[in-house]
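Q: Here is my input, please return the structure:
(2 chains)
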Protein chains: 2
Amino acid sequence: QELRCQCIQTHTDFISPKFITNVQLIPEGAHCSRKEIIVTLKDGTLVCLDPEAEWVMIIIKKIINRYN
Amino acid sequence: QELRCQCIQTHTDFISPKFITNVQLIPEGAHCSRKEIIVTLKDGTLVCLDPEAEWVMIIIKKIINRYN
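A: Predicted coordinates for the structure are as follows:
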């Protein structure tokens, strides 16, 4: 993990959870003063999502619920 | 992301969310038939957690709720 914020900008368009193969939740800390969410898509692309966006928390929770 | 399961075994003892700096949720897929959760601790250690363990989902949800 890099010792700085990893997201320069966040993706604004909706991404369906079915294209997401990995979710990284990075709490704020000494390396970065904001929370970051980085998802990996099926094609390997890494995408930063905005933790403040309502649709982002909806899809993250959808993925979490798959774990129950 | 490796094209195979990444966790060989899972950590069984409770880890406080305050030591967790990164959470990776890896849904099952072609690369691995089971869900995997990999957390990074403050000292940089990567630890696999059991998605079936109740305490694991409790701390993941605690971290998620920090995002709201």
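Q: wait, what's in contact with A:Arg4?
A: A:His31, A:Cys32 (Cβ atoms under 8 Å, 6 or more residues apart in numbering or on different chains). Every residue, glycine included, has its C-beta placed from N, CA and C.
Q: Could you check how far it is from chain B?
A: Between A:Arg4 and chain B the computed distance is 13 Å (Cβ to the nearest Cβ, to the nearest Å).
Q: Equivalent analysis for A:Tyr67, please.
A: Counting by Cβ to the nearest Cβ, the gap from A:Tyr67 to chain B is 5 Å.
Q: Name the nearest residue to that residue, ignoring sequence neighbours.
A: B:Pro51 (4.7 Å; Cβ to Cβ, 6 or more residues apart in numbering or on different chains).
Q: for A:Thr10, same thing?
A: Leaving out its chain neighbours, the residue that sits closest to A:Thr10 by Cβ to Cβ, 6+ apart is A:Asp50, at 4.0 Å.
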